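Peer 1: Show me how the following folds:
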Amino acid sequence: MGAMAGSTLPSLGRVRLTDLIAADGLLSDRYKYAVSTLSQSLARYYAAIIEVPAGDDVMLRCVIDSARMYFHQRPYPGPEMIHTGDPQEWDKTSGYFTDPQIWQETFDYRPGQTPIEPGSGAELPPAGLADLFSLLGKAARDILDAIGCSLELRSFCFTDLLDNAPLRNGEVSTSVLSLCCHGRSTLQGGHHETITIGQEQSQMTIFGDHEPQVDKSLLTLVRSDKPGLQIRDMQGRWLLVDGDLGPQDILLYPGLALYQATAGYISPALHRTNVGNLQGNIYGRCSLAFKLMPRASAILHCSAMTAAGHGVGGPFQQPISVHDFMQRIHPMDQLISRHGYMNFPFPVPSDGSMKTALKRKKQIPRSKPLAPSKRLRLEAQRVLKERVQEIADRKGIKLRFCGLRECEEQHIPSLDSPCGVVRTEIGWPPGVPFVHPHDLPNKAKLAFLEAYEPGWTASQDMELGLIESGQAHTHAHA
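Peer 2: Next up is the predicted model:
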């Protein structure tokens with residue numbers, strides 16, 4: 001089974017880039033269809049295929065060809081070229097570096113820092129980087145705005161997270177164009193730990209990453225000269241996503257920064273690269289990846305999501321600086337075990353002192369069971385993400401919740417309320433206000449859970465009765 005993992009070619013949504021470019025005035029049918037196709041593909045597969053205009057594919061092919069020759073002519077790298085992976089350097093990588101442990105070489109082009117003209121004694125970098133950076137940067141911004149439209153956010157709501165376009169004098173881009181080469185024969189033959197493949201080499205799958213990866217970008221656009229990129233879908237299957245790309249196609253997938261900025265509504269892609277068929281290949285597998293990154297001085301917040309009526313809870317309620325967000329470690333086991341949307345209980349930053357970590361551990365005893373009200377709230381949020389959101393996505397409905405008092409007093413008694421049609425379409429329980437489950441009273445939370453996840457026991461009902469009476473007692477003495 002392991003050998004066959006990732007062999008499936010999924011039906012990713014395919015969208016023309018020109019159809020995702022917003023224009024003033026009313027929404028066109030073409031734009032609405034493109035945005036809908038994009039959002040459904042990201043929800044199901046965490047990826048989509050973007051078709052660039054005719055002529056832009058020539059630039060993509062030329063840059064990959066130039067990158068292939070650039071890596072091919074390089075000798076085996078010395079220890080000074082080995083990348084340390086320091087999280088403090090997330091926005092400073094530039095030029096050539098390598099990770100021999102996973103057979104990977106990289107050249108990062110970062111405007112404002114990476115020279116593209118050879119100086120005295122400097123090597124000639126791959127060609128066309130500045131032009132391709134500009135092309136993919138504009139494409140990524142248009143796609144980001146289209147994703148915002150799918151969430152019914154205001155236009156250009158993510159602009160405050162991005163670099164200036166164009167960069168001002170002295171500024172360095174946080175977004176980066178990365179050229180990668182996996183499994184080049186020169187690198188395989190170096191003096192380092194290699195991976196040995198037996199006689200059944202053609203049937204084995206070997207991955208160039210020690211473990212699945214997730215980008216910390218807002219969006220990533222990828223193109224390669226050989227298939228091998230796999231992404232884990234919402235059902236836990238590893239799918240080969242670049243095995244059926246046309247000459248004008250590039251692959252799109254979201255990163256952790258967009259997940260944080262959208263309060264978890266846009267999940268990041270968990271990906272890995274298959275390099276098992278590159279043994280003895282003199283060129284390896286070459287790819288380019290444009291990563292649209294938030295600027296280091298920006299703040300990741302969910303105010304746009306709140307303004308659009310989306311529920312924002314858990315770790316998304318508190319704004320966080322981009323620089324701090326990039327330092328945090330995002331555990332892979334939480335990504336791998338995800339079902340639909342994910343929830344990151346961010347750990348203490350890696351540079352924090354041991355005393356701070358121990359103090360935090362003492363403040364949160366792990367053995368203490370959750371209070372019934374808190375357990376109920378967490379279950380309601382889980383069911384919203386796993387059940388209700390799936391129904392809404394399938395019917396093409398955007399969930400915009402009401403205020404509790406307004407819905408109780410005006411919408412529920414009315415036969416023609418603003419939320420009445422949506423409640424009927426998604427099977428919202430009768431009499432329960434159309435409010436984010438996090439903000440519902442406990443009895444309403446129970447009715448919500450019984451409607452979408454039958455099987456709640458009488459003992460749980462008794463616990464909730466105690467909670468409600470306690471709340472009533474508290475309100476009476478307030």
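
Peer 1: Lowest mean pLDDT among the helices and strands of the protein, which one is it?
Peer 2: Lowest by mean pLDDT, DSSP states H and E among the helices and strands of the chain is helix 354-363, with a mean of 43.

Peer 1: So which bits of the following helix or strand past that helix are buried?
Peer 2: Next helix or strand after helix 354-363 toward the C-terminus (DSSP states H and E): helix 372-383. For helix 372-383, the neighbour count (16 or more other C-beta atoms under 10 Å) marks 372-373, 376-377, 379-383 as buried. Every C-beta, even on glycine, is put in place using the N, C-alpha and C of the backbone.

Peer 1: now residue 34: how far from residue 21?
Peer 2: With the distance defined as C-beta to C-beta, to the nearest Å, residue 34 ends up 9 Å from residue 21.

Peer 1: Looking at the two, which one has more neighbours?
Peer 2: Taking other C-beta atoms under 10 Å, residue 34 and residue 21 do not tie; residue 34 has more neighbours (24 against 16).

Peer 1: Tell me if I'm right that residue 88 and residue 327 touch.
Peer 2: Yes: if you go by C-beta atoms under 8 Å, residue 88 and residue 327 touch, sitting 7.2 Å apart.

Peer 1: Between the two, point out the one with more neighbours.
Peer 2: Between residue 88 and residue 327, counted using other C-beta under 10 Å, the more crowded position is residue 327 (15 against 12).

Peer 1: Now for residue 90: which residues touch it?
Peer 2: Neighbouring residues of residue 90 by C-beta atoms under 8 Å, 6 or more residues apart in numbering: 216, 326.

Peer 1: can you check residue 92 too?
Peer 2: Neighbours of residue 92 in contact, by C-beta under 8 Å, 6+ apart: 110, 113.

Peer 1: Does residue 113 touch residue 94 like I think?
Peer 2: Yes: at 4.7 Å, residue 113 counts as touching residue 94 under the criterion of C-beta under 8 Å.

Peer 1: Tell me which stretches of the stretch 301-450 of the chain form helices.
Peer 2: Ranges of helices within the stretch 301-450 of the chain are 303-307, 322-327, 332-336, 354-363, 372-383, 389-395, 404-406, 420-426, 442-452, based on DSSP state H, counting those that start in this stretch.

Peer 1: what pLDDT, on average, does the shortest one get?
Peer 2: Over the span of helix 404-406, the pLDDT mean works out to 85.

Peer 1: For that helix, list every residue counted as buried.
Peer 2: For helix 404-406, a neighbour-count test (16+ other C-beta under 10 Å) marks 404, 406 as buried.

Peer 1: Show me the contact partners of that helix.
Peer 2: By C-beta under 8 Å, 6+ apart, the list of residues contacting helix 404-406 from outside reads 433, 435, 439-440.

Peer 1: Specify which member of these is nearest to residue 124.
Peer 2: residue 439 (59.4 Å; C-beta to C-beta).

Peer 1: So in the chain, which helix runs the longest?
Peer 2: When the chain is parsed with DSSP state H, its longest helix is helix 129-150.

Peer 1: Pull out the buried residues from that helix.
Peer 2: Using 16+ other C-beta under 10 Å as the test for burial, helix 129-150 gives 129, 132-133, 135-137, 139-150.

Peer 1: What are the boundaries of the helices in the stretch 101-250 of the chain?
Peer 2: Under the criterion DSSP H, counting those that start in this stretch, helices of the stretch 101-250 of the chain are mapped to 129-150, 185-188.

Peer 1: Compare those and give me the one nearest residue 229.
Peer 2: Residue 229 lies closest, by C-beta to C-beta, to one member of the helices of the stretch 101-250 of the chain: helix 129-150, at 16.6 Å.

Peer 1: Show me what the closest one is packed up against.
Peer 2: Contacts defined by 3 or more C-beta pairs under 8 Å, 6 or more residues apart in numbering; DSSP states H and E place helix 129-150 against helix 29-45, helix 56-72, strand 104-109, strand 176-182, strand 219-224, strand 249-254, strand 285-292.

Peer 1: Heading C-terminal from the first one, find the next helix or strand.
Peer 2: Once helix 29-45 ends, the next helix or strand along the chain (criterion: DSSP H and E) is strand 48-51.

Peer 1: list the contacts for residue 179?
Peer 2: By C-beta under 8 Å, 6+ apart, the neighbours of residue 179 are 63, 67, 70-71, 106-109, 126, 286-288.

Peer 1: returning to what we had before: what two of the contacts of helix 404-406 have the greatest distance between them?
Peer 2: Longest span within those, C-beta to C-beta: 433 and 439, 8.9 Å.

Peer 1: Any stretches of the stretch 351-478 of the chain with poor pLDDT?
Peer 2: Judged by pLDDT under 70, the stretch 351-478 of the chain has its weakly predicted residues at 351-372, 454-478.

Peer 1: how about 80 then?
Peer 2: For the stretch 351-478 of the chain, applying pLDDT under 80 flags the ranges 351-379, 381-382, 385-387, 393-396, 415-416, 438, 453-478.

Peer 1: and residue 386, how many residues sit next to it?
Peer 2: 15.

Peer 1: How much space separates it from residue 311?
Peer 2: 14 Å.

Peer 1: Let's have the helices and strands packed on helix 129-150 in TSV, adding distance to residue 414 and mean pLDDT.
Peer 2: Shown next, in TSV, are these (distance: least, C-beta to C-beta, whole Å; pLDDT from 0 to 100):
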stretch	distance to residue 414	mean pLDDT
helix 29-45	29	93
helix 56-72	52	94
strand 104-109	58	92
strand 176-182	53	93
strand 219-224	41	97
strand 249-254	38	97
strand 285-292	44	96
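
Peer 1: can you tell which of these is closest to residue 238?
Peer 2: Of all the helices and strands packed on helix 129-150, helix 29-45 comes closest under C-beta to C-beta, at 11.4 Å.

Peer 1: The closest residue to residue 132 other than its chain neighbours and residue 424: what is the separation?
Peer 2: Closest residue to residue 132 apart from its sequence neighbours, by C-beta to C-beta, 6 or more residues apart in numbering: residue 63 at 5.0 Å. Applying C-beta to C-beta, the value for residue 63 to residue 424 is 52 Å.

Peer 1: Between the two, which has more neighbouring residues?
Peer 2: residue 63 (25 against 10).

Peer 1: who touches the more buried one in this structure?
Peer 2: The contact partners of residue 63, by C-beta under 8 Å, 6+ apart, come to 126-129, 132, 179, 288.

Peer 1: just those residues now: which is nearest residue 297?
Peer 2: The closest of the contacts of residue 63 to residue 297 turns out to be residue 129 (C-beta to C-beta; 24.9 Å).
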